[in-house]
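S.K.: Provided below for reference: sequence and predicted model.
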Amino acid sequence: MNPTAITSYLSGIEQLSGANFKKWKEQIGILLGCMDLDYALREPTPTKPTSESTNEQKALYEKWERSNRMSLMIMKGSITPAIRGAIPDSDNAMSYIKSVEEQFLGTSKSLASTLMIKMITMKYDGHSGVREHIMKMSDMASQLKNGHGNF
């Protein structure tokens with residue numbers, strides 16, 4: 001993959017700043033999948049090859065190791081330094097992304113609560129279009145349904 005394409009992909013990821021965790025995780029997943037680097041997030045850590053390992057086992061380990069290393073670099077590079085300092089460091093991409101998720105679990109519950117309150121109290125103001133009001137309500141329902149609560 002050429003450096004220009006990589007730079008373009010990386011610039012498309014919104015830096016994780018706190019309130020955008022769900023979007024950040026989705027963008028990271030898409031990027032790593034498109035670059036064929038999500039192997040370390042889909043497969044457990046393989047055993048380190050020995051001199052008796054087959055070429056296939058060695059190739060799988062090398063694929064996992066490259067995927068893990070690149071995934072970590074991309075994830076860490078797309079998190080603001082303040083947040084990155086609060087996340088326990090890890091040499092394993094799967095463990096690292098789980099640590100990031102744990103950091104934002106409370107934030108997600110808080111957002112779900114806020115969205116529920118907004119949905120319950122939101123009323124049509126009579127000034128904007130009905131369509132716009134319905135779209136706002138649908139957006140909030142979608143956010144609740146897709147990861148910020150059970151709706």
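M.R.: The structure has been received and is ready for your questions. This is a predicted model, so every value here is computed, not measured.
S.K.: which phi and psi values does Leu16 adopt?
M.R.: Dihedral pair for Leu16: phi -70, psi 120, per degrees, to the nearest 10.
S.K.: ditto for Gln15
M.R.: Phi and psi for Gln15, reported as degrees, to the nearest 10, are phi -60, psi 140.
S.K.: for it, what are its contacts?
M.R.: Residues near Gln15 by CB atoms under 8 Å, 6 or more residues apart in numbering: 24, 78-80. The C-beta positions use only the backbone N, C-alpha and C, and glycine is treated the same way.
S.K.: could you dump those residues into JSON lines and include secondary structure, neighbour count and pLDDT?
M.R.: Formatted as JSON lines, those follow (DSSP: H, G, I helix; E, B strand; the rest coil; neighbours: other CB atoms under 10 Å; pLDDT from 0 to 100):
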{"residue": "Trp24", "secondary structure": "helix", "neighbour count": "21", "pLDDT": "91"}
{"residue": "Ser78", "secondary structure": "coil", "neighbour count": "18", "pLDDT": "93"}
{"residue": "Ile79", "secondary structure": "strand", "neighbour count": "21", "pLDDT": "92"}
{"residue": "Thr80", "secondary structure": "coil", "neighbour count": "11", "pLDDT": "89"}
